[in-house]
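Novice: Need a 3D model of the following:
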Amino acid sequence: MGTEKRTMEERIQAFYQQSGGPNNREIARLLEEHLLNGRDHGMTGYKETFEDAVMDTIIQDPSLLLLFERIQRWRLNRNGSSSGPAHLEESVQRLEKEIHELKQYLSNKPL
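Specialist: Purely as a prediction, here's the structure:
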């Protein structure tokens, strides 16, 4: 095969020729095996997700990485007031109060 580039359709047709056609009952197992161990699908033994493929593409392209970092910074700044330490402190205090109220309710409830 070498380093020739093939279209996705050509790759699918080659797969069907190697595996016995689209009606072969073994196709699901073969695809799973390929996705887990294929050299073109990330780490061996790990089934690459769509998110993995997108992140890999972003990380390898400096302009996309810069854009991604800017979007992340913008999101952090936009939501900054609700995700800071003060907000977490309030959430913890509210949860502690709810737990205390539930304990009181349960201790007063007859069995």
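Novice: all contacts plus neighbour counts: C-alpha atoms, from now on.
Specialist: Will do.
Novice: Assign residue 22 to helix, strand or coil.
Specialist: coil (DSSP: H, G, I helix; E, B strand; the rest coil).
Novice: Relative to residue 103, how far out is the closest residue in space to it that isn't next to it in sequence?
Specialist: Take residue 22 and drop its neighbours on the chain: the residue closest to it by C-alpha to C-alpha, 6 or more residues apart in numbering is residue 16, 5.9 Å away. Residue 16 sits 63 Å away from residue 103, going by C-alpha to C-alpha, to the nearest Å.
Novice: From the neighbour counts alone, determine which of the two ranks first.
Specialist: residue 16 (15 against 12; other C-alpha atoms under 10 Å).
Novice: surely that one meets residue 23?
Specialist: No - applying C-alpha atoms under 8 Å as the test, residue 16 and residue 23 come out as separate, 9.1 Å apart.
Novice: Please tell me how far the longest helix seen in the chain is from the chain's geometric centre.
Specialist: Scanning the chain for the longest helix, with DSSP state H as the assignment, gives helix 85-108. How far helix 85-108 lies from its chain's middle: 33 Å, per C-alpha atoms, centre = their mean, to the nearest Å.
Novice: and that helix, what's its mean pLDDT?
Specialist: Model confidence over helix 85-108 averages 87 on the pLDDT scale.
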